[in-house]
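Enquirer: Here's a sequence, model it:
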Amino acid sequence: MESPPLVPAAPNRSLSVASRLLKVISPTGPSRLGWLDALRGIAALVVVFDHSSYTFMAEFRRELMPEFNTSRYGIMVFFLVSGYIIPASLERRGCVRTFWIGRIFRVYPLWTAVVTALLAADLLGMAKWRDFGHLSAATVVFAHATMLQELLGTPSLLLVLWTLSYEMSFYLLVVALFTVRLHRHSAAAAVILAVLAAVSVTAGVVLPASALSGLVGTGPLVAFASIAMGVAVCCAGARSSVLRVFGGVLGGALALVLVSFNGTVPQWEGLVILAVMFLGTAVHRAENGQGTWRHAAGASVVVVACAAGSAYAYGDGDHFARRGWIVAFLLAVLTFGAGLASRRRRVPRMLTGLGTISYSVYLVHPVLLAVIDHTAGRQRQDNLALEAVFFAVLLPLCLLTHQYIEVPSQAWGRGLARRVRPPY
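Expert: From the prediction side, this is the model:
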């Protein structure tokens, strides 16, 4: 999602580095999108706690997870925010080509930096690179380059990257709907996906993880998906209306098939994730007069009912506690609703600052945890002080990665997008 406009800080030598950077990334006045940044900041902190609790608060985590799945809470808030802002970004530009330029320069530079940092830590013996078994290096590289690796039977280099595969699928679906001029039907899309999720559980459809990869092979599927995605992105931004529609439909079909039949989460949950993002879009449309609040409210009821019902019907398992998932999901929706209700109020500057650097927080923290786990090891007993120290180290580091990696790369992307004349 796009960040609020950057407001440069006035030079002040008496400020600490962290304070100066916080002045740079935090808007000095009210922001129309401040409430969204606040939600992203809260979600990022919850996800970091979820992952760091393995290292510093394992006992507390074991008690908490069956009652409240903190990871699912955080990512569902992220998905709602993405759904609210991403389609608006495309429609504001009115150009698929510049939309993809913006997304590439927003997502890939920091992604590349953290993967490189993890590789360097592995070479220095400070962290352990994930074992990809029989998969070739080319398969792993191409799968990750598409950012669909979690949907292509390839384990993610970093655990958190799995959510980016669903984000990328959403981008492809949004572009598909835009190219065929069905993008205003966000509420209907959310309802259809949620109902499909509920139907799949009711019908007892249980697919193994990465079912398509098991059927055709991971390597061939990665090769096909990489080519198909490249063609889809290029054609969707072409001058020819026929090519634009072909590219959009190809990308959307690829995303829908992969989410439905090759995810590592249960099929119903993959469909719910997409439904949640389209629900965020429906809310944005209602707020901006492109849809009605009645449709958005109706979609909300259906999505919440189908998601909670699907989780309940799916039942408890070795790696799934339905109560924890349902509570997390409902709280995520309520959190988004509370943010929406308070959108015209001034948001605390600290929360908007955290939201602005949330992508750095999300991607950097697992690298830092990998180094800690490999060098110092995980704590045998809960240690809240070390948990606090971890956050105290992480946040200033993320301020730096945001300022020196994210900000310049986004500026380059905006510059390139301005030089690209819209094809239509």
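Enquirer: if I look at the closest residue to Y73 other than its chain neighbours, how far off is R72?
Expert: Distances taken as C-beta to C-beta, 6 or more residues apart in numbering place A328 nearest to Y73, at 3.9 Å, with adjacent residues excluded. Using the backbone N, CA and C atoms, a C-beta is placed for each residue, glycine as well. Distance, A328 to R72, by C-beta to C-beta, to the nearest Å: 4 Å.
Enquirer: just A223 next, same as before
Expert: For A223, the distance to R72 - C-beta to C-beta - is 32 Å.
Enquirer: again with G248
Expert: For G248, the distance to R72 - C-beta to C-beta - is 30 Å.
Enquirer: follow-up on the earlier one: looking at A223 and R72 now, which is surrounded by more residues?
Expert: More crowded of A223 and R72, by other C-beta atoms under 10 Å: R72, with 25 against 16.
Enquirer: just checking, that one touches L330?
Expert: No. The criterion here is C-beta atoms under 8 Å, and R72 misses it with L330 at 10.7 Å.
Enquirer: so what's Q290 up against?
Expert: With contacts defined as C-beta atoms under 8 Å, 6 or more residues apart in numbering, Q290 is in contact with 184, 284.
Enquirer: what secondary structure does it sit in?
Expert: coil (DSSP: H, G, I helix; E, B strand; the rest coil).
Enquirer: so where's the stretch 1-150 of the chain shaky on pLDDT?
Expert: 1-32 (pLDDT under 70).
Enquirer: residue ranges of the helices in it, please?
Expert: 17-25, 34-56, 58-64, 70-93, 96-123, 137-146 (DSSP state H, counting those that start in this stretch).
Enquirer: Check the stretch 301-424 of the chain too.
Expert: Under DSSP H, counting those that start in this stretch, the stretch 301-424 of the chain gives helices at 322-341, 349-356, 358-375, 384-401, 407-419.
Enquirer: Which helix or strand contains F170?
Expert: Secondary structure from DSSP states H and E places F170 in helix 161-179.
Enquirer: and that helix, average pLDDT?
Expert: Helix 161-179 shows an average pLDDT of 97 in the prediction.
Enquirer: ok, now which ones touch E63?
Expert: With C-beta under 8 Å, 6+ apart, E63 has no contacts at all.
Enquirer: State the distance from it to V48.
Expert: For E63, the distance to V48 - C-beta to C-beta - is 19 Å.
Enquirer: try T264
Expert: Separation of T264 from V48 (C-beta to C-beta): 22 Å.
Enquirer: again, but for G270
Expert: 24 Å.
Enquirer: Next: Q381.
Expert: 20 Å.
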